[in-house]
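**Student:** Sequence first, then the predicted structure, then my questions.
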Amino acid sequence: MTAFTRRAALLGGAAATALAACGQKASDTLTPTSGPIAAKAVPPEGWESGLTIASRIAGGETTSLAEVEKAIARAEAVNGDLNAIATASFDQARTAAAHPAPGTFSGVPTFIKDLLDWEGTQTLWGSRAFVGNVSQKDSPFATAWRNAGVVSLGKSTTPEMGLTSTTEPLVTGATHNPWDLSRMPGGSSGGAAALVAARVVPFAHASDGGGSIRIPASTCGVFGLKPSRGRLDARNEGNAPPVDISVNHAVTITVQDSIELFRVAEKNDGAYTPLGEISTLNRPLRIGFAPDSISGTHVSPETTAALEDVAQLCRELGHEVIDYKVPLNGAEFTDKFLMYWAAGAAEFAQQASAYSGKPIGPDIVEPWTLGLVSMFQARQSEFPEIIGYLKAFEAAYDDWFNDMDVLLTPVTGSPAVPIGDQAPDGDFDTVMESVLNFAAFTAPMNVSGAASMSVPLSWSSGGLPIGSMFSAKRGQDDLLFELAMQLEMTRPWISRTPPVSAL
């Protein structure tokens, strides 16, 4: 069992010690009250939200074991195509279903990302070095979810240590996108997003250190909000990284499930006002529209068209949409963020060596990770200056919002790319170019600690999801949830299921 946490000492560990809050039963049928679309969105037959399942369990209409068995059957039906499960713990789930904690999601089946310790389950960290690493206790964030009553069916796949924007780890093999099996699901919460999109479970744990909730949410057509820094995660003082970029939360189908999962993991230590009652946004916002990459990388025409369409949707909802150019030297920011990322890879490689007892090399660490390690080692002397730059960025980011409420950008530079384009054993420079073109929008919100979300509002002509990213200042998670509810009511996605579906 390892003693380190996600992205090792640099990126810190996940946590939350909040008690599970009481949830309300919510109908899965959405009816827009106003806006350009006014039709009901009925969920596909056989699918229910996490809140609805929990309500039915609490009301005696079903049992946790029955819901776990159905979820296991769904997982077995599609995982041969998706390869989204790193470790199945179905028998443990059946045992846990007998006595789930009496929380908001009591008895509801889900998956935990393979970067989070869940007691009694193997944590691979997406790496060959950690085969057989069974967690002896929950991480603090896992404790919050266990207290909320969820039942884990196992671990969802992730790239090695979450270090890239696809999910193709050598230890478990490539995870496939349920919308097109030849495409990747995004990363690093790719397994979680694929399982939720395929309707195996209503939600799954996810985490985000550079876009890892929002990117797979976009490519798999589900909802994913990156919480503000420190709002859900509690860290030991000695484990705090110099710039805390990684947070835990979830990918979901419904916004309401995401809201209630947020509540059960809130730290409530006085740093933020606890999340209050969230209702559909009923006031106009000033939305900055920035469809171009900060570093000038290519954005696909379909992505640009989708974002322009969403900007028009926001206008029709009464929001003021203004053209906005992000005031940032994108090349400089990307370079410094990438070096910080590489430092995390270097720390992980050391931990992999210590656990396995083998020297750092390609038999325990993937070529992509080794390439990042080499990058860090070549420029390690610059690290103090890089830390200073990133720490100063939060104030610069906040200044973007002096004249707007929310920033609208793409999540990625294109819809999901083919499996293999970002393979961890591919040519390093070629893979790096693909990653930088694809994951070109999400990192500023991690460095600033801001709230940010991917909303599944568009699909390409070839049927691939294209998420829209709405970002706000740190602490404005409630504003994004309110906007998400308005968008969900206006352009609902609940009935859209991929070709590979467990229903």
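**Tutor:** Looks like it came in fine.
**Student:** Tell me how many other residues surround the residue nearest to Asp477 when sequence neighbours are not counted.
**Tutor:** Counting by C-beta to C-beta, 6 or more residues apart in numbering, Ala451 is the residue found nearest to Asp477 once chain neighbours are left out, at 4.3 Å. Every C-beta, even on glycine, is put in place using the N, C-alpha and C of the backbone. Using other C-beta atoms under 10 Å, Ala451 has 26 neighbouring residues.
**Student:** Point out the other elements, helices or strands, that the helix or strand harbouring Phe393 touches.
**Tutor:** Here Phe393 sits within helix 383-399, counting by DSSP states H and E. For helix 383-399, the elements it packs on are helix 330-356, helix 443-448, judged by 3 or more C-beta pairs under 8 Å, 6 or more residues apart in numbering; DSSP states H and E.
**Student:** now the helices for the stretch 51-200 of the chain?
**Tutor:** Assigned by DSSP state H, counting those that start in this stretch, the stretch 51-200 of the chain shows helices spanning 64-82, 90-96, 140-147, 190-197.
**Student:** and what of the stretch 401-503 of the chain?
**Tutor:** With DSSP H, counting those that start in this stretch as the criterion, the stretch 401-503 of the chain has helices spanning 428-438, 443-448, 477-490.
**Student:** and the most centrally placed residue in the chain, what is it in contact with?
**Tutor:** Among the residues of the chain, Ile213 comes closest to the average C-alpha position under C-alpha atoms, centre = their mean, at 1.5 Å. Residues in contact with Ile213 (C-beta atoms under 8 Å, 6 or more residues apart in numbering) are Ser189, Ala206, Ser207, Gly224, Leu225, Lys226, His249, Ala250, Val251, Ser454.
**Student:** do Ile364 as well
**Tutor:** Applying C-beta under 8 Å, 6+ apart, the residues near Ile364 are Ser127, Arg128, Ala129, Ala352, Ser353, Ser356, Lys358.
**Student:** Which ChimeraX command selects the buried ones in these?
**Tutor:** Selecting only the buried members of these in ChimeraX, with burial defined as 16 or more other C-beta atoms under 10 Å, works like this:
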select :127,128,129,352,353,356
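**Student:** returning to that earlier point: check the gap between the residue nearest to Asp477 and Val406 for me.
**Tutor:** Noted for Ala451: a distance of 10 Å to Val406, by C-beta to C-beta, to the nearest Å.
**Student:** Next: Ile215.
**Tutor:** If you measure Ile215 against Val406 using C-beta to C-beta, the figure is 19 Å.
**Student:** Those two: which has the busier surroundings?
**Tutor:** Applying other C-beta under 10 Å to Ile215 and Val406 shows that Ile215 carries more neighbours, namely 32 against 24.
**Student:** Now that one: which helix or strand?
**Tutor:** Following DSSP H and E, one finds Ile215 within helix 214-220.
**Student:** Mind checking what helix or strand follows that helix in sequence?
**Tutor:** strand 223-226.
**Student:** and that next one, which strands flank it?
**Tutor:** strand 247-252 (antiparallel), strand 452-459 (antiparallel) (DSSP bridges).
**Student:** Please identify the deepest-packed of these.
**Tutor:** Ranked by mean neighbour count, the strands paired with strand 223-226 are led by strand 247-252 with a mean of 29 (mean count of other C-beta atoms under 10 Å).
**Student:** Average pLDDT for that one, rounded please.
**Tutor:** Mean per-residue pLDDT for strand 247-252: 98.
**Student:** Please state the offset of the helix or strand following that strand from the chain centre?
**Tutor:** As assigned by DSSP H and E, the chain's next helix or strand after strand 247-252 is helix 255-265. Its chain's C-alpha centre and that of helix 255-265 lie 14 Å apart, by C-alpha atoms, centre = their mean, to the nearest Å.
**Student:** who touches helix 255-265?
**Tutor:** Against helix 255-265 from outside (C-beta under 8 Å, 6+ apart): 16, 18-21, 23, 26, 49-51, 103-105, 141, 144-145, 147-148, 202-203, 223-225, 227, 232, 248-250, 252, 275, 278, 477, 481, 484-485, 488.
**Student:** Determine the angle, from 0 to 180 degrees, between that helix and helix 190-197.
**Tutor:** Here the directions of helix 255-265 and helix 190-197 differ by 130 degrees (axes from the mean of the first three to the mean of the last three C-alpha atoms, to 10 degrees).
**Student:** What is the subsequent helix or strand relative to helix 255-265?
**Tutor:** strand 286-289.
**Student:** And that next one, what does it pack against?
**Tutor:** Strand 286-289 sits against helix 301-316, strand 320-323, strand 406-410, with contacts defined as 3+ C-beta pairs under 8 Å, 6+ apart.
**Student:** Apply 7 Å and report the result again.
**Tutor:** Applying 3 or more C-beta pairs under 7 Å, 6 or more residues apart in numbering; DSSP states H and E, we find strand 286-289 packed against strand 320-323, strand 406-410.
**Student:** how about JSON lines for those, with distance to Lys336 added?
**Tutor:** Shown next, in JSON lines, are those (distance: least, C-beta to C-beta, whole Å):
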{"stretch": "strand 320-323", "distance to Lys336": "27"}
{"stretch": "strand 406-410", "distance to Lys336": "20"}
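**Student:** between the ones you listed, which gets nearest to Phe90?
**Tutor:** Taking C-beta to C-beta, strand 406-410 is the member of the helices and strands packed on strand 286-289 nearest to Phe90, at 37.6 Å.
**Student:** Surely Gly191 and Leu153 touch.
**Tutor:** No: using C-beta atoms under 7 Å, Gly191 makes no contact with Leu153, being 11.7 Å away.
**Student:** Neighbour count for the two, which is higher?
**Tutor:** Gly191 (33 against 30).
**Student:** Who are the contact partners of Leu115?
**Tutor:** Contact partners of Leu115, counting by C-beta atoms under 7 Å, 6 or more residues apart in numbering, are Arg6, Trp125, Thr158, Gly162, Ser207.
**Student:** So, low pLDDT: which residues of this protein?
**Tutor:** For the chain, the stretches flagged by pLDDT under 70 are 1-40, 234-238.
**Student:** what about 80?
**Tutor:** The model of the chain has pLDDT under 80 over residues 1-41, 233-240.
**Student:** before we move on, the earlier item: any idea which of the helices and strands packed on helix 383-399 is most buried?
**Tutor:** Scoring the helices and strands packed on helix 383-399 by mean count of other C-beta under 10 Å, the most buried comes out as helix 443-448, with a mean of 25.
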